[in-house]
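[1] just coords:
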Ligand SMILES: Nc1ncnc2c1ncn2[C@@H]1O[C@H](COP(=O)(O)OP(=O)(O)OP(=O)(O)O)[C@@H](O)[C@H]1O
Ligand SMILES: [Mg+2]
């Protein structure tokens, strides 16, 4: 029987809504009433979402900006707690691989690799053993010694993917990162992802590059207006999403070309 490594059961995540509070003065003068109102004003980022991700599968999440994709990944990673419902995760999760997450701007690329390794629970010795391989993979050259605040978003993505890819995760979470690298780095990432796929690493990835999701993932979920619109075979879900947006999307939409030339 297939074993679920991630299970969501009727999961809701709300964030407090602050915009209706008219300044700190207003808040203080009407304190108890405002506090009560603030607590009751919630914005639902995802609502009643249930799905399973099985061991060894590549699972994609697609949907419009603000639909709730990153919130879903944050709940899997454990950096967010559900407001209601249940999230169960079995296995060692990679830190949330999103742009710049877990990186310190004033430290160099090399120092950030060390820091991230330690945050992931590796010993100094284990990190040093892998350091050369990780640094080689980034291809950042002399930039590896510079503070990462001077990095471009593509350079940050290189650093982030290189760290996570070399630390043997059981469940790899990827939030819209691959699209930022240049074509050569995307090819390298794709190769690494194929290796992961072969060795049975479970992957949950969010991307606006829906063609990439269709190629890489076996199953996918489409989130629309904070709820699940469709779940199933990745190609079918992507086709339905594209059909629903056919009027708005131009066939040459650049966001769908992130994976152009990348054989996943
Ligand atoms: N920390 C937060 N506080 C308040 N609202 C938030 C917070 N994080 C996300 N939201 C809101 O929750 C909703 C879902 O956000 P989320 O980041 O999950 O979307 P997304 O699907 O990843 O979008 P994108 O494609 O733009 O990355 C959005 O409307 C967003 O404004
Ligand atoms: Mg997001």
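    Done, it's in. Note that the coordinates shown come from a computational prediction; the quantities given were computed from them, not determined experimentally. Ligands and ions are numbered 1, 2, ... in the order given.
[2] How about residues contacting stretch 191-208?
    Applying C-beta atoms under 8 Å, 6 or more residues apart in numbering, the set of residues contacting stretch 191-208 from outside is 5-6, 53-62, 69-70, 72-73, 76, 91, 161, 165, 169-176, 178-179, 213, 216-217, 255-256, 258, 264. Quick note: C-beta positions are derived from backbone N, CA and C, even for glycine.
[3] Type out the ChimeraX command that picks the buried ones from these.
    Listed next is the ChimeraX selection for buried residues among the contacts of stretch 191-208, using 16 or more other C-beta atoms under 10 Å:
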select :5,6,53,54,55,56,57,58,59,60,61,62,69,70,72,73,76,161,165,169,170,171,172,173,174,175,176,178,179,213,216,217,256,258,264
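[4] need the residues of the protein near ligand 1, please.
    Contact residues (C-beta under 6 Å from any ligand atom) of the chain with ligand 1: 15, 43, 45, 63, 65-71.
[5] And those residues, which is closest to residue 130?
    residue 70 (27.8 Å; C-beta to C-beta).
[6] got a pLDDT number for that closest one?
    pLDDT for residue 70: 89.
[7] measure stretch 163-181 end to end?
    15 Å (C-alpha to C-alpha, to the nearest Å).
[8] Give me the residue at the spatial middle of the protein.
    residue 175 (2.3 Å; C-alpha atoms, centre = their mean).
[9] Show me where the stretch 1-150 of the chain dips below the pLDDT cut-off.
    Within the stretch 1-150 of the chain, the stretches with pLDDT under 70 are 1, 18-23, 27, 32-40, 95-102.
[10] follow-up on the earlier one: shouldn't the residue nearest to the centre of the chain be in contact with residue 70?
    Yes. Here residue 175 reaches residue 70: they are 5.6 Å apart, a contact under C-beta atoms under 8 Å.
[11] mind listing what's buried in the host helix or strand of residue 195?
    Using DSSP states H and E, residue 195 sits in helix 183-198. Across helix 183-198, burial judged by 16+ other C-beta under 10 Å covers 185-186, 188-190, 192-193, 196-197.
[12] low-scoring stretches of the stretch 151-264 of the chain, by residue?
    Residue ranges of the stretch 151-264 of the chain with pLDDT under 70: 177-179, 248-264.
[13] Which parts of it are helices?
    153-165, 183-198, 210-216, 234-244 (DSSP state H, counting those that start in this stretch).
[14] Need these in TSV (columns: distance to residue 106).
    Converted to TSV, the helices of the stretch 151-264 of the chain look like this (distance: least, C-beta to C-beta, whole Å):
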stretch	distance to residue 106
helix 153-165	14
helix 183-198	24
helix 210-216	33
helix 234-244	40
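[15] Please name whichever of those is nearest to residue 225.
    Across these, residue 225 has its closest neighbour in helix 234-244 (12.0 Å, C-beta to C-beta).
[16] Show me what the closest one is packed against.
    strand 58-62, helix 210-216, strand 219-224, strand 227-233 (3 or more C-beta pairs under 8 Å, 6 or more residues apart in numbering; DSSP states H and E).
[17] Contacts for it, please.
    Under the contact criterion C-beta under 8 Å, 6+ apart, helix 234-244 has outside partners 58, 60, 62-63, 210-211, 213-214, 216-222, 230-231, 249.
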